[in-house]
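Asks: Quick one, fold the following:
(one chain, ligands or ions: 2)
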Amino acid sequence: DRIEDRLSFQAEVTKLLDIVVHSLYSDRRIFLRELISNASDACDKLRYEALTTPALREGAEDFRITLRLDKDAGTIEIADNGIGMNRAELIDNLGTIARSGTEEFVKHLKDADKQGEARLIGQFGVGFYSSFMVAEQVQVFTRRAGETQGWHWESDGGGAFSIGEAEVTAPGTRIVLHLREDAKEFLEDWRLKSTVKTYSDHIEIPVVLLGKDDEGKDTEETLNEASALWTRPRSEITEEQYTEFYHHVSHAFDTPWHTVHFKAEGAIEYTGLLFVPSQKPFDLFQPERKTHIKLYVNRVFITDDAPEVLPSYLRFVRGIVDSSDLPLNVSREMLQNNPVLRKIQGGLVKRLLGDLKKRAENADEYATFWETFGAVLKEGIYEDFERRSDILELTRFRSSTTDGWVSLADYVSRMKTGQEEIYYITGDDAETLKRSPQLEGFRAKGVEVLLLTDPVDEFWINAVPDYQGKALKSAASSAAGLDAVADPESKDETPEETAPTDQIEALAKALQETLGDAVKEVRSSTRLKESPVCLVSEDGGMSLHLERMLKQAGQ
Ligand code: ADP
Ligand code: MG
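Replies: Residues are numbered from 1 along each chain as shown. Ligands and ions are numbered 1, 2, ... in the order given. Presented below is the predicted three-dimensional model:
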C-alpha cells in the first residue's frame with residue numbers, strides 16, 4: 001500500500017558506505033555523536049526559521065532529543081523535534097556527499113590502504129553514514145516543519161535506498177538503527193549513557209533516554225548537562241569538554257592548538273569561544289576564503305557563514321560567538337554593515353591577535369602554528385591596515401643566516417653597522433634562494449636576508465614601506481644599499497683585483513647590444529663575489545619572482 005521508490009546512492013556514497021561497513025575503525029561510539037549532533041543542528045535550524053515564521057513552532061514542545069533502546073527488536077532510536085526533511089531534502093542529504101568534510105574523506109581514499117581508510121574515518125568523520133558502522137539497516141522517519149506529508153527512508157548500506165510516504169505526526173526526524181550482531185553492546189543502558197556523556201554533554205538541547213521501569217511505567221532520564229558549553233564558567237569546563245565542543249562545531253577531529261573562552265563586557269556584551277586548530281581545515285585556500293564562526297543571539301543559532309564576524313585572514317579560526325546585543329529577529333541580510341557586529345569583530349580580532357602574541361613567546365609552539373597558518377595570517381598585512389603592525393610583529397620568516405624562524409624584531413636587532421634597510425628576497429623555495437647569486441654580496445658582508453616563499457608575500461611586501469623606520473628592500477633590486485654596510489673586520493688584505501673601468505664599461509655596452517630589449521640595462525656592480533653576472537629587478541619594478549609567477553599563470 002505504501003508506494004516506495006528505490007533509488008541508487010551517488011557512486012561516491014556507495015564507495016564510502018562500503019568502507020564504513022567494513023571499517024576497522026575501532027571507536028564505533030562516534031555514530032551516536034554524529035546522530036545527536038545532526039539532531040541538535042536540526043533543532044537549531046528550526047529555531048532560526050521560527051524567528052521569522054513563528055507558526056512553525058506553534059503548539060510545539062520544547063526542543064529535545066530522545067533515545068530509546070529496544071533490546072528485543074535490537075534497535076536504537078534517535079529522535080528530534082527539529083526541522084525535519086522533505087523528500088527532496090532526504091535524497092539530497094542522505095544520498096549524496098553534500099558536505100565538504102565527507103567530500104575530503106572520499107578524495108583521500110584514493111591513496112589509502114585498509115589501515116589508512118580506518119584512520120581517515122577517525123580523522124574526518126562520516127556524519128550520518130557512520131550509522132552503518134553499527135547498523136545493518138537504517139530507517140529514517142521525518143517530516144519537514146511547515147509541511148504535512150511525512151517520509152520514510154531506508155537502506156541497508158548497499159548501493160541503494162528506498163523512499164516513500166509515511167505518516168509522521170509532528171515535525172522532526174526519528175532514526176531507527178537495527179544493530180548488527182557485533183554491535184549489540186550499544187543496547188546496554190550504561191554503554192549508551194557513558195557515550196552520550198563523553199561526546200554530547202555540551203549539546204544545549206536535552207538528550208533524554210526514554211524507558212520503562214519495573215512496573216512498566218514510562219521513565220525519562222536526561223543524560224547530558226544540556227546547557228550551552230560557552231555559558232558555563234571556565235573553571236567548570238575540562239580540557240576534554242572543550243575539545244569535544246571543538247569537534248562538534250568544526251567537524252574536525254584534531255586537538256585545538258589554542259582555545260580562548262571569554263566574555264566581553266561593556267557597551268556591547270558577548271561571549272566568544274574560539275579555537276585555532278592544529279591542522280589545516282580543507283577549505284583554507286578555496287577562493288571564497290570563508291570564515292566559520294557560528295553566530296548566536298541569546299543562544300539562538302543564527303548563521304555560520306556571516307562574513308562580518310571575522311576577517312578572511314582569520315578564516316582558520318573555529319568556534320562560536322553569542323551576543324545579546326543583536327536583535328533576536330536579525331536576518332542574515334541585516335548582518336551586513338551592522339555596527340554592533342563590526343564592534344564584535346573588532347573585539348574578536350584584538351583578542352585573537354593578543355593571544356597569538358602571548359603564544360609567540362614560546363618559539364617552538366608558535367612555529368607549529370606559523371607553519372600551519374602563517375600564509376593565511378599574512379593576508380591581513382595588506383587587508384587590515386589598522387592591525388598591520390600587530391600582524392607584522394606576529395610574522396615569521398626564513399632567513400639566509402639561520403635555520404629557524406625569524407621575526408622582524410630579531411632581524412633589526414642583528415643589523416650590521418651602517419645597515420639601514422631590511423633585506424628580503426622572494427622565490428619558491430628557501431634553500432634555492434639561500435644559494436642565489438643575488439645574495440653573494442650580502443653573504444660576503446654577513447648581512448641577513450629574509451627569504452619569502454609564500455605566494456602571498458609578493459602582495460603584502462609591496463604594501464609595507466618599512467618596519468620601525470627601516471625600509472624593506474628587495475635584495476634582488478638594483479638599488480639595495482649594500483655599499484653602506486661596513487665590511488667584516490678588514491683582515492688587512494689587499495683590495496680585490498678588479499678590471500679597469502673602461503674595460504668593464506666596454507663589456508657592459510657589448511652585452512647591452514647583444515641582449516637588446518631583453519634587459520633594461522647592463523651595469524657594473526660590487527655585489528657579486530663569485531658569479532660573473534646576475535639578474536636584478538628595477539628599483540620599484542615588479543620582482544623577478546612575481547614576474548615568473550605571472551608568466552606561469554599565463555598573464
Ligand atoms: P553534516 O551534519 O556535516 O551536514 P551529515 O552526514 O551528518 O553531515 O548529515 C547530512 C545532512 O543530512 C545534514 O546536513 C542535514 O541536512 C541532514 N540531516 C541529518 N540528520 C538530520 C536530522 N536529524 N534532521 C534534519 N536533517 C538532518
Ligand atoms: Mg552531521
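Asks: can you list the residues of the stretch 201-350 of the chain near ligand 1?
Replies: Proximity of the stretch 201-350 of the chain to ligand 1 (CB under 6 Å from any ligand atom) is limited to residues residue 251. Quick note: C-beta positions are derived from backbone N, CA and C, even for glycine.
Asks: What residues are bridge-paired with the residue nearest to residue 142 when sequence neighbours are not counted?
Replies: Once flanking residues are discounted, residue 142 sits nearest to residue 173: 4.2 Å by CB to CB, 6 or more residues apart in numbering. Following DSSP bridges, residue 173 is listed with bridge partners residue 80, residue 142.
Asks: Please apply the same query to residue 208.
Replies: Residue 208 forms beta bridges with residue 66, residue 222, as assigned by DSSP bridges.
Asks: Residue 67 is in contact with that one, correct?
Replies: Yes: between residue 208 and residue 67 there is a contact under CB atoms under 8 Å: 7.0 Å.
Asks: From the contact counts, what lies against the helix or strand encompassing residue 368?
Replies: Using DSSP states H and E, residue 368 sits in helix 363-377. Packing partners of helix 363-377 (3 or more CB pairs under 8 Å, 6 or more residues apart in numbering; DSSP states H and E): helix 339-359.
Asks: mind checking the backbone torsions on residue 320?
Replies: Note on residue 320: its backbone torsions stand at phi -130, psi 160 [degrees, to the nearest 10].
Asks: in stretch 89-103, what counts as buried?
Replies: 90-91, 93-95, 97, 101-103 (16 or more other CB atoms under 10 Å).
Asks: again, but for stretch 30-48
Replies: Neighbour count says stretch 30-48 has 30-40, 42-44, 46-48 buried, by 16+ other CB under 10 Å.
Asks: Are it and ligand 1 in contact anywhere?
Replies: Yes: for stretch 30-48, a contact with ligand 1 is found by CB under 6 Å from any ligand atom, at 34, 38-39, 41-42.
Asks: So which of the residues you listed belong to helices?
Replies: 34, 38-39, 41-42 (DSSP state H).
Asks: ok, so what distance separates residue 400 from residue 411?
Replies: Remark: distance between residue 400 and residue 411 (CB to CB, to the nearest Å) = 11 Å.
Asks: And stretch 431-438, end to end?
Replies: Chord length of stretch 431-438, first to last residue, is 14 Å (CA to CA, to the nearest Å).
Asks: now that stretch, how far from the centre of its chain.
Replies: Distance, stretch centre to chain centre, for stretch 431-438: 33 Å (CA atoms, centre = their mean, to the nearest Å).
Asks: swap in stretch 50-60?
Replies: 34 Å.
Asks: what residues are up against residue 457?
Replies: The neighbours of residue 457, taking CB atoms under 8 Å, 6 or more residues apart in numbering as the test, are 378, 426.
Asks: which regions of this structure sit below the pLDDT cut-off?
Replies: 1-2, 24-26, 98-101, 122-124, 329-332, 478-480, 488-498, 526-527, 538-546, 548-555 (pLDDT under 70).
Asks: The closest residue to ligand 1 within it: neighbour count?
Replies: Residue nearest to ligand 1 within the chain: residue 127 (2.3 Å; CB to the nearest ligand atom). With neighbours defined by other CB atoms under 10 Å, the count for residue 127 comes to 21.
Asks: I'd guessed it sits against residue 34; true?
Replies: Yes: contact criterion CB under 8 Å: residue 127 and residue 34 qualify, at 5.4 Å.
Asks: element containing residue 77?
Replies: For residue 77, the host element (DSSP H and E) is strand 75-80.
Asks: Sorry, slip of the keys, the one I care about is residue 118.
Replies: Assigned by DSSP H and E, residue 118 belongs to helix 114-124.
Asks: Distance check, the residue of the stretch 151-300 of the chain found nearest ligand 2 against residue 340.
Replies: Closest to ligand 2 within the stretch 151-300 of the chain is residue 251: 7.2 Å, counting by CB to the ion. As judged by CB to CB, residue 251 and residue 340 stand 28 Å apart.
Asks: What of residue 173?
Replies: 34 Å.
Asks: for residue 380, same thing?
Replies: 22 Å.
Asks: of those two, who's got more company?
Replies: Neighbour count, other CB under 10 Å: between residue 380 and residue 340, residue 380 has more, with 24 against 17.
Asks: Identify the residues contacting the host helix or strand of the more buried one?
Replies: Residue 380 belongs to helix 379-383 when assigned by DSSP H and E. Residues from elsewhere that reach helix 379-383 (CB under 8 Å, 6+ apart): 311-314, 387-388, 391-392, 395, 456, 459-460, 463-464.
Asks: ok, and the most crowded of those?
Replies: residue 314 (24 neighbours).
Asks: give the contact list for that residue.
Replies: Contacts of residue 314 by CB under 8 Å, 6+ apart are 291, 349, 352, 376-377, 380.
Asks: count of neighbours near the residue of the stretch 151-300 of the chain closest to ligand 2?
Replies: 19.
Asks: Residue 414 - nearest residue in space that isn't next to it in sequence?
Replies: Residue 414's closest residue in space is residue 448 (CB to CB, 6+ apart), at 6.3 Å.
Asks: List the contacts of the residue nearest to residue 67 when sequence neighbours are not counted.
Replies: Leaving out its chain neighbours, the residue that sits closest to residue 67 by CB to CB, 6+ apart is residue 209, at 5.0 Å. By CB under 8 Å, 6+ apart, residue 209 lies in contact with 66-69, 189, 192-193, 196, 220-223.
Asks: Distance to residue 165 and neighbour count added to the residues you listed, as TSV?
Replies: Formatted as TSV, the contacts of residue 209 follow (distance: CB to CB, whole Å; neighbours: other CB atoms under 10 Å):
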residue	distance to residue 165	neighbour count
66	24	18
67	26	23
68	24	15
69	28	19
189	34	14
192	31	20
193	35	16
196	32	23
220	31	11
221	34	12
222	34	12
223	33	22
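Asks: What parts of the protein come near ligand 2?
Replies: Neighbours of ligand 2 within the chain, by CB under 5 Å from the ion: 38, 127.
Asks: residue contacts, the closest residue to residue 316 other than its chain neighbours?
Replies: Distances taken as CB to CB, 6+ apart put residue 373 closest to residue 316, at 4.8 Å, once the chain neighbours are dropped. Neighbouring residues of residue 373 by CB under 8 Å, 6+ apart: 276, 280, 316.
Asks: Quick check: phi and psi on the first one?
Replies: When read as degrees, to the nearest 10, the backbone of residue 276 gives phi -100, psi 120.
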